[in-house]
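Participant: need a structure here:
(one chain, ligands or ions: 1)
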Amino acid sequence: MNSAEIRQKFLGYFASKKHTIVPSSSLVPHSDPTLLFTNAGMVQFKHFFLGSETSDYTRAVSAQCCVRAGGKHNDLDNVGYTARHHTFFEMLGNFSFGDYFKEEAITMAWDFITNELNIPRDRLTVTVHHSDQESENIWIKKIGIPKERVIQCGDNDNFWSMGETGPCGPCTEIFYDHGADIPGGAPGSSESDGDRYIEIWNIVFMQYNRTIDGHLHPLPMPSVDTGMGLERLSAVMQGVHNNYETDLFKEIIHTAEQMLPHTEQARDKNEHLSSLRVIADHIRSTTFLIKDNITPSNEGRGYVLRRIIRRALRHGHKLNMPIHFFSRLVPVVIKIMGGAYPDLKKAEHAIESTLYREEDAFSLTLNQGMKLLEKELLSIHGTVIPGDIIFKLYDTYGFPIDLTADIARERLLQLDEIGYKKCMAEQQERSRQSSKFDIDYNQNEQQMEILRDKSSTFLEVTHGETEAQIIAYIPGEKDILVLDKNSLLPRRWRASR
Ligand code: GLY
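Facilitator: Sure, this is the predicted structure:
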C-alpha cells in the first residue's frame, strides 16, 4: 500500500465512524504564541480540548503536517541517526472532544491496524501509563492482548503534553516489532531507543490543562487525541525497516544520488546514506515551511528554517554535491506530496527561489568555514572543539551551533558550549558599545527612516561579491551605506529568473 492509499484509508475509516475530516492546518500555529511550529495533530484543536472554543463536531480526523525542530518536541538531532525521526512528518489522528473515551478509542485503533491494514497481531506490543488500570484491562480483557505484551511505563514515556503548557494526559502506545535482526529492545527496556520496536500509534487521553506554574487542572470534558506517523506506518505496510526506504523518501534520495559527482558515485553507497537521508528529510521540511510563508531569517521561525537549510547544505558539501542541488529537489517533493497538498504546486517557484538564494548566500562561507574547522581540528588536543572556534564559525561564517554540533557528533567530538557562550556575550557587549557611535539624527530624516524601517535586515558576511543599489549614504563618525537587499542576488540568478 503506498502512502497516499494509507492516508486515504485512515481518513475514510474514521469518516465511516462519524468523524469529520478536517484538513491539515498551517505549520505556523494559529494564534498560539506558546508554540514555534505545529508539532502534532491536536494543535489546531487545542481550544476545543480546553473548552475555550466549541466545535461543530465532537469527532474529527486529520492528516496533519508537523515540524519537530524546536521547543519541547525537537527531533532535529536524531535525523540521519535513526530510521524513524524527521523534522517534518505527517501525523494521522482521530479526535474526540468530550465524545468517546478510552474503550472506543482503543477498540477503533486496534480494528484499523489489524483488520483494515492487516498488520499481524503478534507483531504488536502496547504500553500503558502505570496508573491507568482501565486501559490495561481494555487491552487484556477486551482486545485479548497477552498480559506480557502490555507494558506499564511512567510519565517519561506515557504522559503526553503538547508543550510546557496546554492540554495533556496519560497515553497508551502501540509498537510494531520489526524483527530480531534490527537492533533495539522492547518499550520500557534499556535498549528501547533502537529501531526494532517502533511506536506507531499514540492514543492520548486528554484530561488536564497544564498551566505555567506546572499545575494540572482537569479539562472540562475528558477527550481523545491520537497520533500515528504516516512515515512509520508506511514503512510497516511497505515491508521495510526504515522510513527513508518508503515511497515518501525513495525518489528524493534517488534524485539526490544522481547529482553526486562520479567520484562520489564510485564509492560505497553506505558512506553517503546518512547524509542523503538528512538531505531528504530537510528538503521536505523546508519545502513545507516555505509553503506556509516562513522565510529564512536570523530570528524565530525563520532562523530555524535557515538552520535546517544550512545543515542540509553542509551534508551536501560533505558529499561534494554541486551548488543548488538542494533547490533542485523541490520538484521531487512536490511530485510526491502535491496530490495531498495542492498548495505546494502554487508555491513551487517561491520555494525554489528561496532555497536557491540561501544556497548562494551560504556556499562561500560554508567552504571557508569548513576549511577553517578542518585546520583547527588538526591542532586541537583532546576531543573538544574550543568555544572561540565555534563562535567564529557562527559569527563570521554563518554556522549555526547545531550545524557545528552535527559535525562534532560525526567525528566523536564535543563542543565547548560554555566557551562559546562567553564569546557570544563578549561580542554582544562590543556591539552594544559600538552602537553608541555618533549619528546626527536630524541630518536627514528621510534617510534615518530607512534605518529605522523594520524590514532592514542584517545579512551576515555571506555574500562574497555582488552588486547592490545604494539607497542611502549617511556620513558620520562611521559612514553608513544602506543597500537594497533585494538587489543582493547574483547576476546569474536575476538574469535567468
Ligand atoms: N498528540 C499525540 C502525539 O503527538 O503523539
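Participant: residue of this protein nearest the ligand, please.
Facilitator: residue 227 (3.1 Å; Cβ to the nearest ligand atom). In this view, the C-beta of every residue, glycine as well, is placed from N, C-alpha and C.
Participant: pick out the residue nearest the middle of this protein.
Facilitator: The centroid of the chain falls nearest to residue 87 when counting by Cα atoms, centre = their mean (2.4 Å).
Participant: my guess is that one meets residue 73, correct?
Facilitator: No. Under the criterion of Cβ atoms under 8 Å, residue 87 is not in contact with residue 73, lying 10.7 Å apart.
Participant: so residue 473 sits in a strand?
Facilitator: Yes. Under DSSP: H, G, I helix; E, B strand; the rest coil, residue 473 sits within a strand.
Participant: wait, it sits on residue 483?
Facilitator: No. In this structure, residue 473 is not within contact of residue 483 by Cβ under 8 Å, at 10.4 Å.
Participant: of these two, which one has the most company?
Facilitator: Remark: of residue 473 and residue 483, residue 483 carries more neighbours, 17 against 11, as counted by other Cβ atoms under 10 Å.
Participant: test my guess that the residue of the chain closest to the ligand contacts residue 39.
Facilitator: No. At 9.9 Å, residue 227 and residue 39 do not qualify as touching, with contact defined as Cβ under 8 Å.
Participant: circling back: so what's the residue of the chain closest to the ligand up against?
Facilitator: Residue 227 makes contact with 40, 41, 42, 91, 92, 93, 201, 202, 204, according to Cβ atoms under 8 Å, 6 or more residues apart in numbering.
Participant: need phi/psi at the fifth one.
Facilitator: Yep, that's residue 92 we're talking about. In terms of degrees, to the nearest 10, the main-chain angles of residue 92 are phi -90, psi 130.
Participant: quick revisit: contacts with the ligand among the contacts of residue 227, please.
Facilitator: Contacts with the ligand within the contacts of residue 227, counted by Cβ under 6 Å from any ligand atom: 40, 42, 202, 204.
Participant: next one: stretch 324-344 to chain centre, how far?
Facilitator: 17 Å (Cα atoms, centre = their mean, to the nearest Å).
Participant: how about the residues of the protein near the ligand?
Facilitator: Counting by Cβ under 6 Å from any ligand atom, the chain sits next to the ligand at 40, 42, 160, 202, 204, 225, 227.
Participant: widest-spaced pair of these?
Facilitator: Across those, no pair lies farther apart than 42 and 202, at 10.6 Å, counting by Cβ to Cβ.
Participant: so which of the ones next to the ligand among the contacts of residue 227 are in strands?
Facilitator: Counted as lying in strands by DSSP state E, out of those, are 202, 204.
Participant: need the ones next to the ligand among the contacts of residue 227 in TSV (columns: pLDDT).
Facilitator: TSV is the format used below for those (pLDDT from 0 to 100):
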residue	pLDDT
40	96
42	96
202	98
204	98
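Participant: can I get the ones next to the ligand among the contacts of residue 227 in TSV including neighbour count?
Facilitator: Putting those into TSV (neighbours: other Cβ atoms under 10 Å) gives the following:
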residue	neighbour count
40	23
42	27
202	21
204	28
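Participant: re the thing from before, ok, then the element right after the helix or strand hosting the residue of the chain closest to the ligand?
Facilitator: Using DSSP states H and E, residue 227 maps to strand 216-229. Sequence-wise, the next helix or strand downstream of strand 216-229 (DSSP H and E) is helix 230-237.
Participant: in the stretch 51-200 of the chain, which spans are strands?
Facilitator: Using DSSP state E, counting those that start in this stretch, the strands of the stretch 51-200 of the chain run over residues 59-67, 88-96, 124-129, 150-153, 159-161, 166-177, 197-210.
Participant: where's residue 246 relative to residue 239, distance?
Facilitator: Per Cβ to Cβ, to the nearest Å, residue 246 is found 10 Å from residue 239.
Participant: of these two, which one has the most company?
Facilitator: Higher neighbour count among residue 246 and residue 239: residue 246, with 22 against 8, using other Cβ under 10 Å.
Participant: determine the number of other residues adjacent to residue 31.
Facilitator: Look at residue 31: counted by other Cβ under 10 Å, it has 6 neighbours.
Participant: any idea of the pLDDT on it?
Facilitator: Note on residue 31: pLDDT of 75.
Participant: can you check residue 469 too?
Facilitator: On pLDDT, residue 469 comes in at 74.
Participant: just checking, it touches residue 484?
Facilitator: Yes. If you go by Cβ under 8 Å, residue 469 and residue 484 touch, sitting 4.1 Å apart.
Participant: please name the residues that touch the closest residue to residue 411 other than its chain neighbours.
Facilitator: Spatial nearest neighbour of residue 411, chain neighbours left out: residue 377 (7.5 Å); criterion: Cβ to Cβ, 6 or more residues apart in numbering. Neighbour list for residue 377: 385, 411, 413 [criterion: Cβ under 8 Å, 6+ apart].
Participant: so how far is the helix or strand containing residue 276 from its chain's centroid?
Facilitator: Here residue 276, judged by DSSP H and E, is contained in helix 269-291. Mean-position distance between helix 269-291 and its chain equals 11 Å (Cα atoms, centre = their mean).
Participant: about what we covered before: could the ones next to the ligand among the contacts of residue 227 go into a markdown table alongside distance to residue 392?
Facilitator: A markdown table is the format used below for those (distance: Cβ to Cβ, whole Å):
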| residue | distance to residue 392 |
| --- | --- |
| 40 | 38 |
| 42 | 42 |
| 202 | 42 |
| 204 | 45 |
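Participant: out of the strands of the stretch 51-200 of the chain, deepest packed?
Facilitator: Most buried of the strands of the stretch 51-200 of the chain, by mean neighbour count (mean count of other Cβ atoms under 10 Å): strand 88-96, with a mean of 26.
Participant: now for it, which elements pack on it?
Facilitator: Strand 88-96 sits against helix 3-16, strand 59-67, helix 102-111, strand 216-229, helix 230-237, helix 269-291, with contacts defined as 3 or more Cβ pairs under 8 Å, 6 or more residues apart in numbering; DSSP states H and E.
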